[in-house]
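In: pasting the structure only:
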């Protein structure tokens, strides 16, 4: 991240978000925090962040409701959804809404940096490295969901795009980005 870029951390657990904010600050990544949807949108509107880390459950609200408004504020914003209640259905919904990645909670700084495509202290990129017991990468889940929609529509891209709730051209761009093969954690 460049020094002029910053992030938005949205979580209703003040201790977790404060600890994460300090850890990112040690890596010279500035962040602002919010504990609910209204304050998150207020912060992001004031200064659209380069990335947003959003907890799925924000008290009685869903972090999914923030994805589209944040994407509207800044199209190139990296949006990472974190949750302790991971499910394939929620991951697919997050991707359909425009999230870039889906991380299990508690998301650590190295996990966040990998999801953002950032280098570690040694200058090494870790974007494609996955811990042995990691969940299925969101790009793989998204690809499989798209393939299922294509199968259900007989390969018709326009119909699949309607089924997925996205523009045909967006779906075509996603089809050009085939994810790397899923790693077998037992090898």
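Out: All right, it came through fine. Note that the structure is predicted; figures quoted are calculated from it, not measured.
In: Now the closest residue to residue 95 other than its chain neighbours: which helix or strand?
Out: With CB to CB, 6 or more residues apart in numbering as the measure, residue 142 is the residue that lies nearest to residue 95, at 4.5 Å, once sequence neighbours are left out. Placement of C-beta: from N, CA and C, glycine included. Using DSSP states H and E, residue 142 sits in helix 138-152.
In: Now do the buried residues in whichever helix or strand comes after that helix.
Out: Note on helix 138-152: by DSSP H and E, the next helix or strand toward the C-terminus is helix 157-164. By 16 or more other CB atoms under 10 Å, the buried positions in helix 157-164 come out as 157, 160, 161, 163, 164.
In: same deal with stretch 77-97?
Out: By 16+ other CB under 10 Å, the buried positions in stretch 77-97 come out as 77-83, 86, 90-95, 97.
In: circling back: what sits up against the helix holding residue 142?
Out: Contacts of helix 138-152 with the rest of the structure, by CB atoms under 8 Å, 6 or more residues apart in numbering, involve 88, 91-92, 94-96, 99-102, 156-157, 160, 163-164, 171, 174-175, 177-179, 182.
In: repeat that with 7 Å
Out: Contacts with helix 138-152, where a contact means CB atoms under 7 Å, 6 or more residues apart in numbering, come from 88, 91-92, 95, 101-102, 160, 163-164, 171, 174-175, 178-179, 182.
In: Of those residues, which belong to helices?
Out: 88, 91, 92, 95, 160, 163, 164, 171, 174, 175 (DSSP state H).
In: Would you reformat these as JSON lines and include distance to residue 70 and pLDDT?
Out: Conversion of those to JSON lines gives the following (distance: CB to CB, whole Å; pLDDT from 0 to 100):
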{"residue": "88", "distance to residue 70": "23", "pLDDT": "72"}
{"residue": "91", "distance to residue 70": "18", "pLDDT": "78"}
{"residue": "92", "distance to residue 70": "19", "pLDDT": "79"}
{"residue": "95", "distance to residue 70": "15", "pLDDT": "82"}
{"residue": "160", "distance to residue 70": "26", "pLDDT": "88"}
{"residue": "163", "distance to residue 70": "25", "pLDDT": "88"}
{"residue": "164", "distance to residue 70": "20", "pLDDT": "88"}
{"residue": "171", "distance to residue 70": "21", "pLDDT": "87"}
{"residue": "174", "distance to residue 70": "19", "pLDDT": "84"}
{"residue": "175", "distance to residue 70": "25", "pLDDT": "83"}
